[in-house]
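Novice: quick check, what structure comes out for this input:
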Amino acid sequence: MLALNADTARRSRVYRAFRLDRAGRVASAEIVSAEDDVQARRQARAMVERATIELWDRTRFLGRFEPTLPDGGQFA
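Specialist: Residues are numbered from 1 along each chain as shown. Next up, the predicted model:
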């Protein structure tokens, strides 16, 4: 997601993005490196395609990002 070099690594934080299946269970997890919560949320939103993404900073819940249909509805 974020290209890491020595400078970026010093100021980056590590978040976890969990892709959920239709039953709401974790299907996969990905590490998200970001400078702050705003950037991490932006990256998590970009990960949403047809699956819900939950973003966490250790035990701190930062958001749940749901896929939307072109007409503004939600995937079932």
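
Novice: report the distance from stretch 51-65 to the chain centre.
Specialist: Distance of stretch 51-65 from its chain centroid, counting by CA atoms, centre = their mean, to the nearest Å, is 6 Å.

Novice: only the buried residues of that stretch, if you could.
Specialist: Of the residues in stretch 51-65, 51-56, 62, 65 count as buried by neighbour count, 16 or more other CB atoms under 10 Å. Heads up, the C-betas are built off the backbone N, CA and C, glycines and all.

Novice: among the residues you listed, which are located in strands?
Specialist: The strands, defined by DSSP state E, take in 52-56, 62, 65 from those.

Novice: could those be laid out in TSV, adding distance to residue 32?
Specialist: TSV is the format used below for these (distance: CB to CB, whole Å):
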residue	distance to residue 32
52	15
53	10
54	11
55	7
56	10
62	10
65	12
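
Novice: which ones are touching the residue nearest the centre of the chain?
Specialist: In the chain, the residue lying closest to the centroid (CA atoms, centre = their mean) is residue 44, at 2.7 Å. Counting by CB atoms under 8 Å, 6 or more residues apart in numbering, residue 44 touches 15, 17, 32, 53, 55, 62-63, 65.

Novice: surely it is within a helix?
Specialist: Yes. According to DSSP: H, G, I helix; E, B strand; the rest coil, residue 44 belongs to a helix.

Novice: just the pLDDT for the residue nearest to it when sequence neighbours are not counted.
Specialist: Excluding the flanking residues, the one nearest residue 44 by CB to CB, 6 or more residues apart in numbering is residue 55, at 4.2 Å. Here the pLDDT value assigned to residue 55 is 98.
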